[in-house]
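1. fold the following and give me the result.
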Amino acid sequence: MGRKAVDASQLFLDGLRIPVEDRVGEEGKGFDCMLHGLNPERILIGAEADAAKCLAAEAGYHACENAIFTHGGMGYAKAYHVERYLRESWIPRLAPVSPQLILCFIAEKVLGLPKSY
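-> Modelled structure (predicted):
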């Protein structure tokens, strides 16, 4: 249903040799080591970023909604791509966490209300 506005590809590197002095962590554990190192940054940035994501996602959705209303019936037609943008605007509103779950978390952690999810 979504992700048509963004091209995505996979890259496979087979047989790539990395010198021992350039490796991160012990052999076979480099990716885990890198993820562990990124966790503090993720936690630190997670609050201001989530708020910005919610605001931007809602603004994007409403812009697409207005574009469809402006185009009238043709806003629903694939020929004008507006319907695709509206469909794509749902992704940041739902993933990785919906605004409803964010509000539930704030209610629990900030307002001290009982857990509701």
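2. for this protein, what's the longest helix?
-> helix 30-71 (DSSP state H).
3. and the next helix or strand after that one with helix 30-71, angle?
-> Using DSSP states H and E, the helix or strand that follows helix 30-71 in sequence is helix 82-89. Counting by axes from the mean of the first three to the mean of the last three C-alpha atoms, to 10 degrees, helix 82-89 points 140 degrees away from the direction of helix 30-71.
4. gap between helix 82-89 and the chain center?
-> Chain-centre distance of helix 82-89: 16 Å, with C-alpha atoms, centre = their mean, to the nearest Å.
5. tell me where the model's unsure across this structure.
-> 1-8, 47 (pLDDT under 70).
6. re the thing from before, same for the longest helix of the chain, what does it pack against?
-> Other helices and strands packing on helix 30-71, by 3 or more C-beta pairs under 8 Å, 6 or more residues apart in numbering; DSSP states H and E, are helix 82-89, helix 91-94, helix 99-109. Quick note: C-beta positions are derived from backbone N, CA and C, even for glycine.
7. so which of those helices is the most surrounded?
-> helix 82-89 (a mean of 18; mean count of other C-beta atoms under 10 Å).
8. still on that earlier bit, what's the closest of the helices and strands packed on helix 30-71 to residue 48?
-> Closest to residue 48 of those, according to C-beta to C-beta: helix 99-109, at 13.1 Å.
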